[in-house]
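Colleague: Mind folding the following:
(chains A and B)
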Amino acid sequence: MAVGTTVDHLTETYRAHYRSLLGLAALLLDDTASCEDVVQEAFIRVHSARSRVRDPEKTLAYLRQTVVNLSRSALRRRILGLKLLSKPMPDMASAEEGAYELLERDQLKAAMRTLQRRQREVLVLRYFADMTEAQVAETLGISLGSVKAYGSRGLAALRVAMEATA
Amino acid sequence: MTNPHASDDSHDMDQQNSPHLPPSGEPLAGETADEAALRALMHSAVQGLQASPEALDHLRRAIPARRQRRRQALVGAAAALLLVGAAVPALIRAAGTTDGSSATAASVSDSHTDSPDATGHTLPGGGPGDPSGHVPPGPGGGPSAQRPTVGDTPTTVPTTVTGTGAPAPDCSSAQLGQGASGADAPDSNGRVYGWFRVSNVSDAACTVPSGGVVQAVAQGGADPTRIQVLDHTSGDAASRLPAPDAAGPLVLGPGQDYEVAFAWVPDTPGSGGCPTPTTPPTTPTATPTATGSTSSGTDAGSGDPGPGSGSAVNDASSSGGDTSATPAPASIALNHTPAAGAPVVVGPVIPDACAGTVYTTAPLSTATSTPAP
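Modeller: Predicted structure coming up:
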């Protein structure tokens, strides 16, 4: 797709990936209420940099990486600050309240909260975003060995947490 | 809802450290049941999530806005670069990087500048949208007046203006434009007289800043080490230039212009200061046409080529040697940069000029004096 047709590219990317990125953010974030803000911010950041959308095949990778970065607490707080300043999104509690409330009560989600951040990121990217270990390593900027280690320890910790709440 | 999955997982936890072992019935090859269950759990946990109805519309608005913010940040950085860039072209030219083709003899009779067209029509004082980020002329002359200029000599002492009423601020680069230049045909001694003209294109009066520069760039076989630019003084070789006076800074009203007159005086009259060909077969002629038509041969033959001519001959022949037939013609390209960093006024190219002196005047009011036609 040409650079000049970014609006179409945006629509296409939105349709293809927005929902799955919402899920990615929801699994990564402690507060599910801000996950749409995170995804919005990720879309804005990636699509406002033309160099990043020049290769549509990489757009999803950029979006995922941005969501991961934004989901870390320090950055998220900054976004929430931005949201308060500019009110970019209407309060989204309206239509999706049910889904987010359900997520809040989800046992997996509760167990995920007990994981270390890196473990959570590796598991989510690996098993929700269907990345290979190498892709996870690249996205998180850590070694392949670290991905394996965080993944196995994360799985074990998650199992313990799930059993505790079961 | 996840309890059944979780209990299933626990049976297979032993396999988690050997993920490449392919268990049966898993959605992805090489995945443990634990991993497969987690995959399913994650997807089911968030499957109810929907984008808010305004999400795409919001992105359509927000992305261009963010782009604009990024661009503005870039423009701010670029404006700083432009300011630097405005002062650099003269340096580049002085470095001798002009290619001979761009300054041909076609520009001798009349000259042009590309940059005045670009900035000459800007609103006075440089409007807020002025792309080059000029500082509007303010009291004290603005920062641009302090920019160091190459070869700056205090031709006009920036004392207070006498007798012309209230002092006007120094012209900013945005105020100076519509550069022009011209030159006469060489006289019998090979001297070329000419002028640069720069207008105040704003509608406010301003003072021509001191420190304007005329540069001479050697081209082809011309010897850059033997070309100098001097201020015109009474009694020097450029006898037809207007006599220097201590009139002080020149104030330009709106639409008025100033001129800098110059004279090219070759080291050796009649040959443009070009070295004499010692061996006619190798160098066809060093002074083909435009110099004094009758005297070039005799001058060349009469000796007195000046010091260093032998090496200059070698330079000339070697520089032109790669083209088989004719050596690169020697010429000198002149340009003028107003002190405020206004666009360089591309001046005439003096053909068949190798070594000599360019004498220049201080900025002259065109209302009172013009150089000899």
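Colleague: tell me which residues in whichever helix or strand residue A:147 is part of are buried?
Modeller: Element membership for residue A:147, per DSSP states H and E: helix A:144-165. Within helix A:144-165, the residues that count as buried by 16 or more other Cβ atoms under 10 Å in any protein chain shown are A:146-148, A:150-155, A:157-159, A:161-162. Placement of C-beta: from N, CA and C, glycine included.
Colleague: Save those residues as JSON lines, and put in distance to residue B:180 and pLDDT too.
Modeller: What follows is the buried residues of helix A:144-165, written out as JSON lines (distance: Cβ to Cβ, whole Å; pLDDT from 0 to 100):
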{"residue": "A:146", "distance to residue B:180": "69", "pLDDT": "96"}
{"residue": "A:147", "distance to residue B:180": "69", "pLDDT": "96"}
{"residue": "A:148", "distance to residue B:180": "74", "pLDDT": "95"}
{"residue": "A:150", "distance to residue B:180": "72", "pLDDT": "96"}
{"residue": "A:151", "distance to residue B:180": "74", "pLDDT": "94"}
{"residue": "A:152", "distance to residue B:180": "78", "pLDDT": "93"}
{"residue": "A:153", "distance to residue B:180": "78", "pLDDT": "95"}
{"residue": "A:154", "distance to residue B:180": "75", "pLDDT": "94"}
{"residue": "A:155", "distance to residue B:180": "79", "pLDDT": "93"}
{"residue": "A:157", "distance to residue B:180": "80", "pLDDT": "93"}
{"residue": "A:158", "distance to residue B:180": "79", "pLDDT": "90"}
{"residue": "A:159", "distance to residue B:180": "84", "pLDDT": "89"}
{"residue": "A:161", "distance to residue B:180": "82", "pLDDT": "88"}
{"residue": "A:162", "distance to residue B:180": "84", "pLDDT": "85"}
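Colleague: Against which helices or strands is the helix holding residue A:147 packed?
Modeller: Helix A:144-165 sits against helix A:107-112, helix A:117-123, helix A:133-140, helix B:3-11, helix B:33-46, with contacts defined as 3 or more Cβ pairs under 8 Å, 6 or more residues apart in numbering or on different chains; DSSP states H and E.
Colleague: now the angle from that helix to helix B:33-46?
Modeller: Relative orientation of helix A:144-165 and helix B:33-46, computed by axes from the mean of the first three to the mean of the last three Cα atoms, to 10 degrees: 70 degrees.
Colleague: pLDDT score assigned to residue B:57?
Modeller: We have a pLDDT of 90 for residue B:57.
Colleague: got it, and residue B:61?
Modeller: pLDDT at residue B:61 comes out at 89.
Colleague: The one 3 residues further on now?
Modeller: You'll see residue B:64 listed with a pLDDT of 88.
Colleague: Ok, the one 3 residues further on next?
Modeller: For residue B:67, the model assigns a pLDDT of 86.
Colleague: Return the residues in contact with it.
Modeller: Residues in contact with residue B:67 (Cβ atoms under 8 Å, 6 or more residues apart in numbering or on different chains) are A:48, A:50.
Colleague: For it, give its distance to residue B:334.
Modeller: In this view, residue B:67 and residue B:334 are 45 Å apart by Cβ to Cβ, to the nearest Å.
Colleague: Likewise for residue A:102?
Modeller: Using Cβ to Cβ, residue A:102 is found at 80 Å from residue B:334.
Colleague: Comparing the two, which shows the higher neighbour count?
Modeller: Set residue A:102 next to residue B:334 and count neighbours by other Cβ atoms under 10 Å in any protein chain shown: residue B:334 wins out with 27 against 18.
Colleague: From residue B:347, how far off is the more buried one?
Modeller: Relative to residue B:347, residue B:334 is positioned 4 Å away (Cβ to Cβ).
Colleague: swap in residue B:49?
Modeller: Going from residue B:49 to residue B:347 by Cβ to Cβ gives 70 Å.
Colleague: Neighbour count: these two, which is higher?
Modeller: Counted by other Cβ under 10 Å, residue B:49 and residue B:347 do not tie: residue B:347 has more neighbours, with 31 against 23.
Colleague: Just the element for that one, please.
Modeller: In this assignment (DSSP H and E), residue B:347 forms part of strand B:345-351.
Colleague: who does that strand touch, helix- and strand-wise?
Modeller: Using 3+ Cβ pairs under 8 Å, 6+ apart: strand B:345-351 touches strand B:176-183, strand B:192-200, strand B:331-337.
Colleague: Enumerate the positions of stretch B:222-242 that are buried.
Modeller: For stretch B:222-242, by 16+ other Cβ under 10 Å, it's B:222, B:223, B:224, B:226, B:227, B:229, B:230, B:232, B:237, B:238, B:241, B:242.
Colleague: Stretch A:60-68 too?
Modeller: So stretch A:60-68, judged by 16+ other Cβ under 10 Å, has buried residues A:60, A:61, A:62, A:63, A:64, A:65, A:66, A:67, A:68.
Colleague: Which secondary structure element is home to the fifth one?
Modeller: In other words, residue A:64. Here residue A:64 is assigned to helix A:56-71, by DSSP H and E.
Colleague: State the mean pLDDT of that helix.
Modeller: pLDDT averaged over helix A:56-71 gives 89.
Colleague: Next: stretch B:362-369.
Modeller: On average, stretch B:362-369 scores 71.
Colleague: how many neighbours does residue A:55 have?
Modeller: Counted with other Cβ under 10 Å, the neighbours of residue A:55 add up to 11.
Colleague: Where does the prediction get shaky in the stretch 51-200 of chain B?
Modeller: Scanning the stretch 51-200 of chain B for pLDDT under 70 picks out the ranges B:84-166.
Colleague: Show me which residues of it sit near chain A.
Modeller: Selection of the stretch 51-200 of chain B residues close to chain A by Cβ under 8 Å from any Cβ of the partner chain yields B:51-56, B:58-60, B:62-64, B:66-67, B:70.
Colleague: Separate out the buried members of those residues.
Modeller: Buried among those (16+ other Cβ under 10 Å): B:51, B:52, B:55, B:58, B:59, B:62, B:63, B:66, B:67.
Colleague: and the angle from the helix or strand hosting the last one to strand B:345-351?
Modeller: Following DSSP H and E, the helix or strand that holds residue B:67 is helix B:55-94. Taking the same axes, to 10 degrees, one finds that helix B:55-94 is oriented at 40 degrees with respect to strand B:345-351.
Colleague: still on that earlier bit, joint contacts of residue B:334 and residue B:347?
Modeller: What both residue B:334 and residue B:347 touch, as defined by Cβ under 8 Å, 6+ apart, is the set B:181, B:194, B:214, B:262.
Colleague: With neighbour count added, can I get those in TSV?
Modeller: Output for the shared contacts of residue B:334 and residue B:347, formatted as TSV (neighbours: other Cβ atoms under 10 Å in any protein chain shown):
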residue	neighbour count
B:181	25
B:194	23
B:214	22
B:262	28
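Colleague: before we move on, the earlier item: what angle sits between the helix holding residue A:147 and helix A:133-140?
Modeller: 90 degrees.
Colleague: I'd like the distance from helix A:144-165 to the chain centre, please.
Modeller: The chain centroid and the centroid of helix A:144-165 are separated by 19 Å under Cα atoms, centre = their mean, to the nearest Å.
Colleague: what number of residues lie near residue A:139?
Modeller: By other Cβ under 10 Å, neighbour count at residue A:139 equals 21.
Colleague: Give me the pLDDT for it.
Modeller: Residue A:139 carries a pLDDT score of 93 in this model.
Colleague: which SS class is the residue in the stretch 151-300 of chain B positioned nearest to chain A?
Modeller: Across the stretch 151-300 of chain B, the shortest distance to chain A (Cβ to the nearest Cβ) belongs to residue B:174, at 31.3 Å. At residue B:174 the chain is in coil, as set by DSSP: H, G, I helix; E, B strand; the rest coil.
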